[in-house]
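Colleague: output the structure for:
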Amino acid sequence: MKNNYLTITPKVVVLSALLTTAMTFQVNANELELSINEEFIDLRFTSEYEKDFAGQLAFMHSDFNGLSADQVSYRFFTSDSESGIQLGAKAFWLDVEEEGGFGIGLGLGVTRSLSEKMDLGFQLHYAPDIITGGDFDNLLEYDIRLNFQMVENGSFFIGYRNIEADNGVVDLEVYDDPYFGLKFEF
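Modeller: Residues are numbered from 1 along each chain as shown. Here you go, the predicted structure:
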């Protein structure tokens, strides 16, 4: 008798694990963000912990300049509410076409209030060769965002994001364009 077993590819296993993690993480989330563009989608769940610490789980997909890319990341950071400065680290897994890599990017951010309902934020993450693995030598990501509070627990934002990965031969532009989105606070 011939047994036909369904083989599960590694990507299906990884996707299932990530979706399970996302479902459990969203229960604890204090913020939910969705950023989009014609070539980009980014979903983030942020949970605030004790004493100005927070964590953010993010899923990103882009089809920019003919390169299809997926990124899963978890950012752990602390922030000072008076100065608006953030320090943290971002663990990531990035898959660009046939290449994949992982690492930990060290991060710095700043948020400035422009008015009662508007703020400007900037974040920078860099993962050097020493803490990057797989097919990438390093990763640079920066994001600038203008946030408008529309309702008590909801905001609209516009931003510009750049993600570059160096594979040792060429810098791959994963994404380098503006985007817009919505943010909900619970």
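
Colleague: could you use CA atoms for every contact and neighbour count after this?
Modeller: Fine.

Colleague: go through this structure and flag its longest strand.
Modeller: The residue-count maximum for a strand in the chain (DSSP state E) belongs to strand 99-115.

Colleague: report the buried residues of that one.
Modeller: Using 16 or more other CA atoms under 10 Å as the test for burial, strand 99-115 gives Gly100, Gly101, Phe102, Gly103, Ile104, Gly105, Leu106, Gly107, Leu108, Gly109, Val110, Thr111.

Colleague: that strand packs against which elements?
Modeller: Strand 99-115 makes packing contacts with strand 85-96, strand 118-127, strand 132-134 when contacts are defined by 3 or more CA pairs under 8 Å, 6 or more residues apart in numbering; DSSP states H and E.

Colleague: which of the ones you listed has the lowest average pLDDT?
Modeller: Across the helices and strands packed on strand 99-115, strand 132-134 has the smallest mean pLDDT, namely a mean of 93.

Colleague: direction included, what does that one pair against?
Modeller: The pairing partners recorded for strand 132-134 under DSSP bridges are strand 99-115 (antiparallel).

Colleague: now do the helices in the protein.
Modeller: 10-28 (DSSP state H).
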